[in-house]
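K.L.:
below: sequence and its predicted model.
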Amino acid sequence: MRTDIFTHATTQRRNEKPTKETNGCTILSFSVAPLLCVSGMLLILSGCTMAPGYTRPDAPVAADWPSSPAYQQQVAKPGQKQAAEIPWRDYFSEPRLQQVLSLALTNNRDLRVALLNIEKARAQYRIQRADLLPTISGTAGATIQRSPADLSPTGQARTSEQYNVGLGVSSYELDLFGRVQSLKDQALEQYLATEQTRRSIQISLIAETANAWLNLAADQERLQLARATLASQEEYYRIMKHRFDAGITTALDLYQAQTGVEAARVDIARYTSQIAQDQNALTLLAGTPLTANLLPSELGPVTTLQELPVGLPSEVLLKRPDILAAEHRLKGANANIGAARAAFFPRIGLSASFGTASADLSSLFQPGSLAWNFMPQISVPLFDTGRNLAGLEVSKTEQAISVAQYEKAIQTAFREVADALAQRGTINDQLTAQQALTDATAESHQLSQARYDKGVDSYLSVIVAQRSLYAAQQNLIGVRLSRLSNQTTLYKVLGGGAAVE
């Protein structure tokens with residue numbers, strides 16, 4: 001049918017009788033109008049697609065979160081926001097932490113690369129979209145050629161000149177079978193996936209920076225505890241040294257007191273090194289050096305972050321940017337199937353130009369200098385040694401891979417949320433028990449010290465009680481850090497801030 005249209009247009013043009021060219025408008029009405037009509041008809045017929053209809057795969061996870069003694073789910077109250085609806089500034093309310101997070105979002109190089117990838121994907125989409133419409137170029141040229149006498153039909157050397165100015169369309173493909181449209185759709189989905197990837201990196205950066213800040217705070221507190229323990233151990237050692245010199249106590253008691261001093265020194269050196277590494281990690285995440293007033297000195301209260309409600313898996317997981325990105329990539333792979341199917345059908349290309357031409361530069365824009373050409377071309381695949389068939393198989397396989405990757409993204413997200421919920425369900429009980437253990441160990445240490453002072457027990461019982469108290473205090477800091485880290489992780493895995501910018 002398309003070949004008949006071209007044949008009819010060509011025949012009609014050949015059968016036209018020459019008309020008197022009075023002006024450019026008359027020439028256009030007799031010569032270019034049929035070409036525009038043919039092009040318009042073909043453009044109307046173009047734009048279909050052979051991509052299969054998209055259906056979102058079913059989530060390969062349970063309909064509800066796991067239920068066991070480890071889980072204590074908190075259902076959202078009426079009007080209470082989900083994690084995806086809470087801006088990070090509302091969730092992380094500590095002023096110094098907010099400033100550090102703001103610096104990270106501005107200067108972090110991974111996030112900057114993600115932003116540049118968005119710009120790249122947007123430009124690639126615009127390039128692909130431009131193929132849907134013809135590209136019109138303005139041209140101007142001159143050809144001056146000398147022919148020697150033995151090649152001239154007149155037997156004399158001659159110089160010929162040709163000048164032209166016009167507009168042209170070169171190799172525009174009529175997208176009758178949706179190949180270009182499918183490629184455009186794939187580029188669009190890739191761009192959208194890149195945007196969601198940027199949002200995912202941003203959420204991860206916020207959580208990672210917050211956890212690094214909290215780790216630094218915890219190590220600062222551990223260092224303070226180690227220094228306080230060293231001071232008390234050195235005081236005990238001085239007392240034991242006086243008693244040993246006076247012959248009141250034994251060398252065993254003296255050396256046991258010294259072990260407490262040296263153990264505290266070891267921890268001070270270790271936490272001093274760890275704090276320096278924590279600062280380096282935080283600086284890398286922030287992307288810029290941090291001033292001392294932005295760094296924490298202690299972990300602070302455990303109620304800094306708010307509790308997050310958890311809804312059904314489908315409501316929570318499908319809002320995560322990484323899952324949205326995986327779905328966009330799946331849609332892009334779906335569109336590629338349409339492009340691969342269209343490769344089995346003919347391709348129709350159009351080249352055309354319209355302008356003026358003359359052998360004399362001064363006559364270039366005079367009446368009668370109109371020049372135009374219209375060159376449709378059709379290419380039909382006849383024998384390609386199975387190339388198109390293999391291309392279709394590749395696109396279908398890539399689509400199947402994208403389905404598996406999308407399902408894996410949902411399963412991974414489900415596992416991350418379930419792990420965070422399992423920790424949240426027990427962390428408060430663990431914190432309460434650890435606080436009670438620390439308090440009881442402190443009482444035991446005081447009683448051991450009193451019994452030693454009265455000569456009832458040896459100093460070994462005091463050393464054991466001191467070490468138990470120190471370990472309990474360090475573990476208490478660790479549990480408090482775990483609680484805050486769990487709240488930060490839960491905000492991340494629930495897509496915190498994904499619905500707001």
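P.N.:
It's in. Numbers count the residues shown, from 1 in each chain.

K.L.:
tell me the SS of Q162?
P.N.:
Of the three states, Q162 takes strand under DSSP: H, G, I helix; E, B strand; the rest coil.

K.L.:
that one: neighbour count?
P.N.:
14 (other Cβ atoms under 10 Å). Any C-beta I mention is one placed from the backbone N, CA and C, and that applies to glycine too.

K.L.:
against V456, how distant is it?
P.N.:
As judged by Cβ to Cβ, to the nearest Å, Q162 and V456 stand 119 Å apart.

K.L.:
ditto for S137
P.N.:
102 Å.

K.L.:
list the contacts of S137.
P.N.:
Each residue near S137 by Cβ atoms under 8 Å, 6 or more residues apart in numbering is listed here: 167-170.

K.L.:
pretty sure A70 sits in a strand.
P.N.:
No. Judged by three-state DSSP, A70 forms no part of a strand; its state is coil.

K.L.:
so it is in contact with G425, correct?
P.N.:
Yes. Using Cβ atoms under 8 Å, A70 is in contact with G425, at 5.0 Å.

K.L.:
those two: who's more crowded?
P.N.:
Of the pair A70 and G425, G425 is the one with more neighbours under other Cβ under 10 Å, namely 18 against 14.

K.L.:
next, the contact list for that one, please.
P.N.:
69-73 are the contacts of G425 under Cβ under 8 Å, 6+ apart.

K.L.:
so which strand or helix has it?
P.N.:
helix 387-453 (DSSP states H and E).

K.L.:
what's the answer for I248, then?
P.N.:
Applying DSSP H and E, one finds I248 in no helix or strand.

K.L.:
so what's the residue count around it?
P.N.:
11.

K.L.:
ok, now D439?
P.N.:
12.

K.L.:
L361 versus that one, what's the distance?
P.N.:
On the measure of Cβ to Cβ, D439 and L361 end up 101 Å apart.

K.L.:
also R270?
P.N.:
For R270, the distance to L361 - Cβ to Cβ - is 87 Å.

K.L.:
what's I118 in contact with, if anything?
P.N.:
Neighbours of I118 in contact, by Cβ under 8 Å, 6+ apart: 191, 194-195, 198.

K.L.:
any idea which helix or strand carries the nearest residue to it once chain neighbours are set aside?
P.N.:
Taking Cβ to Cβ, 6 or more residues apart in numbering, and ignoring the residues beside it in sequence, I118 has T194 as its nearest neighbour in space, at 5.1 Å. Element membership for T194 (DSSP H and E) is helix 179-245.

K.L.:
my guess is E407 meets R56, correct?
P.N.:
No. Using Cβ under 8 Å, E407 makes no contact with R56, being 10.9 Å away.

K.L.:
which of the two has more neighbours?
P.N.:
E407 (17 against 10).

K.L.:
ok, the more buried one - contacts?
P.N.:
Contacts of E407 (Cβ under 8 Å, 6+ apart): 57, 59-60.

K.L.:
and the contacts of stretch 472-490?
P.N.:
83, 207, 210-211, 214-215, 217-218, 221-222, 225, 299, 302, 304-308, 416-417, 420-421, 423-424, 427-428, 430-431, 434-435, 437-438, 441-442.

K.L.:
run the last query once more with 6 Å
P.N.:
207, 210-211, 214, 218, 221-222, 225, 299, 302, 305, 308, 420, 423-424, 427, 430-431, 434, 437-438, 441 (Cβ atoms under 6 Å, 6 or more residues apart in numbering).

K.L.:
can I have the buried ones of those residues as a ChimeraX selection?
P.N.:
Listed next is the ChimeraX selection for buried residues among the contacts of stretch 472-490, using 16 or more other Cβ atoms under 10 Å:
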select :207,210,211,214,218,221,222,225,299,302,305,308,420,423,424,427,431,434,437,438,441
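
K.L.:
what's the closest non-adjacent residue to the residue sitting nearest the centre point of the chain?
P.N.:
Nearest to the geometric centre of the chain sits T197, at 1.9 Å (Cα atoms, centre = their mean). Distance criterion Cβ to Cβ, 6+ apart; nearest residue to T197, sequence neighbours excluded, is A325 at 4.9 Å.

K.L.:
ok, now which ones touch that neighbour?
P.N.:
A325 touches 193, 196-197, counting by Cβ under 6 Å, 6+ apart.

K.L.:
check which helix or strand covers it.
P.N.:
Assigned by DSSP H and E, A325 belongs to helix 321-342.

K.L.:
wait, A83 sits on K492?
P.N.:
No. Taking Cβ atoms under 6 Å as the definition, A83 is not a contact partner of K492, at 8.6 Å.

K.L.:
F414 versus the residue nearest to the centre of the chain, what's the distance?
P.N.:
For T197, the distance to F414 - Cβ to Cβ - is 20 Å.

K.L.:
ok, A114 next?
P.N.:
From A114 over to F414 (counting by Cβ to Cβ), the distance is 24 Å.

K.L.:
what's the answer for A218, then?
P.N.:
29 Å.

K.L.:
where does pLDDT dip in the stretch 401-501 of the chain?
P.N.:
Confidence mapping of the stretch 401-501 of the chain against pLDDT under 70 gives the ranges 499-501.

K.L.:
how many residues are close by the residue nearest to V316 when sequence neighbours are not counted?
P.N.:
Using Cβ to Cβ, 6+ apart and skipping the chain neighbours, the partner closest in space to V316 is L494 (5.7 Å). A count of nearby residues for L494, using other Cβ under 10 Å, gives 27.

K.L.:
try the one 4 residues further on
P.N.:
Neighbour count of A498, defined by other Cβ under 10 Å: 24.

K.L.:
wait, doesn't it sit right on P321?
P.N.:
Yes. Using Cβ under 6 Å, A498 is in contact with P321, at 5.3 Å.

K.L.:
find residues that contact each of the two.
P.N.:
With Cβ under 6 Å, 6+ apart, A498 and P321 have no common neighbours.

K.L.:
quick one, phi/psi of the closest residue to S369 other than its chain neighbours?
P.N.:
Excluding its sequence neighbours, the residue lying closest to S369 (Cβ to Cβ, 6+ apart) is T356, at 4.2 Å. Per-residue torsions, T356: phi -130, psi 150 (degrees, to the nearest 10).

K.L.:
who's in contact with T356?
P.N.:
165, 364-365, 369.

K.L.:
now pLDDT, neighbour count and secondary structure too, for those, in JSON lines please.
P.N.:
Converted to JSON lines, those look like this (pLDDT from 0 to 100; neighbours: other Cβ atoms under 10 Å; DSSP: H, G, I helix; E, B strand; the rest coil):
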{"residue": "V165", "pLDDT": "90", "neighbour count": "17", "secondary structure": "strand"}
{"residue": "L364", "pLDDT": "82", "neighbour count": "17", "secondary structure": "coil"}
{"residue": "F365", "pLDDT": "84", "neighbour count": "12", "secondary structure": "coil"}
{"residue": "S369", "pLDDT": "85", "neighbour count": "20", "secondary structure": "coil"}
